[in-house]
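Student: my questions concern the predicted model and sequence given below.
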Amino acid sequence: MTSLADRWDRWKRRRFGRYHIDDPRPVAENAPYTFQLPSENELLALAPGDLAKLVFAGDPVGKTYGAERMWVTITDAAGPDLVGRLDNQPSELHQLRMGDRITFERHHIIDLIWAEDRAVAPPPSPPARQYWDRCFVDRGVLSGEVPVYYLYREEPDPTDPDDQYPDSGWRIRGDYRGLSDEEFAAWEFDYIAIGKVLNADDSWLHLIDAPVGSAFIRDDKSSAFVPCEDEAQDDV
């Protein structure tokens, strides 16, 4: 049963709350390997009946979600601004209701679904490689404190049945020179999508398809990665 406080919050948001649609382009610019937007050709081809996903942010913000990603069915795409009908029931954004009229711009769209009965076939989606396979990486690399310095690829760990993405076998270290053995052993690491590592430092992208057993270290003079003759160490 909904509490009195929740009903009061819902009423206030509906009566006095506001919302805006976030511009996703800065996010995509900072995370190009994990947050990819529709192409310009796809955005220009949108027509009534197609669905567009937008990021709605409330004022005040919700108790659980800072923003909600929801679908809008486009009803008018003739001008620079698109018009549509909200196709989801908001979880906390009680400023909005399913069916509300939404006006937005093409650059607000983070995803789209073509109508099945559209008169003109949609343009093909440009090929885009996904980088969701997992790897082990130092947190200092993810935070941008240090660049990738040493990386190697070993036999991937077995994937748990509940894991959506497999282990890639990549083990990625930051510049650990100057650290004592104790400090090196204390470095924390994460098991995370390769794309998130590339968002922080993609200088090693050209090595991503190197086979198991490969190991590379950054050359001090050229900053290029060079193969290591030593076997990859299982130090992660």
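Tutor: In hand now; what should we look at?

Student: by mean pLDDT, point me to the weakest helix or strand of this structure.
Tutor: Ranked by mean pLDDT, DSSP states H and E, the helix or strand of the chain with the weakest confidence is helix 4-16, at a mean of 57.

Student: what's the following helix or strand after it?
Tutor: strand 18-21 (DSSP states H and E).

Student: please identify the buried residues of that following strand?
Tutor: 19, 21 (16 or more other C-beta atoms under 10 Å). Any C-beta I mention is one placed from the backbone N, CA and C, and that applies to glycine too.

Student: contact partners of that strand?
Tutor: With C-beta atoms under 8 Å, 6 or more residues apart in numbering as the test, strand 18-21 has contacts from 54-59, 93, 95-96, 102, 104, 108.

Student: Produce a PyMOL select command limited to the buried residues of those.
Tutor: Here is the PyMOL command that selects the buried residues among the contacts of strand 18-21 (16+ other C-beta under 10 Å):
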select buried, resi 54+55+56+57+58+93+95+96+102+104+108
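
Student: now, which of the contacts of strand 18-21 sits nearest residue 192?
Tutor: Top of the list for closeness to residue 192, among the contacts of strand 18-21 and by C-beta to C-beta, is residue 55 at 22.8 Å.

Student: state the mean pLDDT of stretch 138-151.
Tutor: On average, the pLDDT along stretch 138-151 is 90.

Student: show me where this structure has strands.
Tutor: Secondary structure of the chain (DSSP state E): strands located at 18-21, 51-59, 67-76, 81-86, 101-105, 111-113, 134-138, 148-153, 167-174, 189-193, 215-218, 225-227.

Student: would TSV of the ones you listed with distance to residue 182 be doable?
Tutor: Formatted as TSV, these follow (distance: least, C-beta to C-beta, whole Å):
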stretch	distance to residue 182
strand 18-21	49
strand 51-59	44
strand 67-76	42
strand 81-86	56
strand 101-105	54
strand 111-113	47
strand 134-138	16
strand 148-153	19
strand 167-174	16
strand 189-193	16
strand 215-218	22
strand 225-227	27
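
Student: lowest average pLDDT across those?
Tutor: strand 18-21 (a mean of 90).

Student: buried stuff in stretch 202-219?
Tutor: In stretch 202-219, counting by 16+ other C-beta under 10 Å, buried: 204, 208, 210, 214-218.

Student: sorry, slip of the keys, the one I care about is stretch 181-199.
Tutor: Buried residues in stretch 181-199, counted by 16+ other C-beta under 10 Å: 187, 189, 192-199.

Student: so which of those residues comes closest to residue 129?
Tutor: Of all the buried residues of stretch 181-199, residue 129 sits closest to residue 195, with 9.5 Å by C-beta to C-beta.

Student: residues contacting that closest one?
Tutor: Counting by C-beta under 8 Å, 6+ apart, residue 195 touches 31, 33-34, 130-132.

Student: from residue 31, how far out is it?
Tutor: From residue 195 across to residue 31, the span is 8 Å (C-beta to C-beta, to the nearest Å).

Student: mind giving me the domain ranges of this protein?
Tutor: Using automatic domain parsing, the domain ranges for the chain come out as 4-113, 134-227.

Student: what is the end-to-end distance of the shortest one?
Tutor: Length of domain 134-227, first residue to last, C-alpha to C-alpha, to the nearest Å: 22 Å.

Student: hmm, back to that, please list only the buried members of the contacts of residue 195.
Tutor: By 16+ other C-beta under 10 Å, these give 33-34, 131 as buried.
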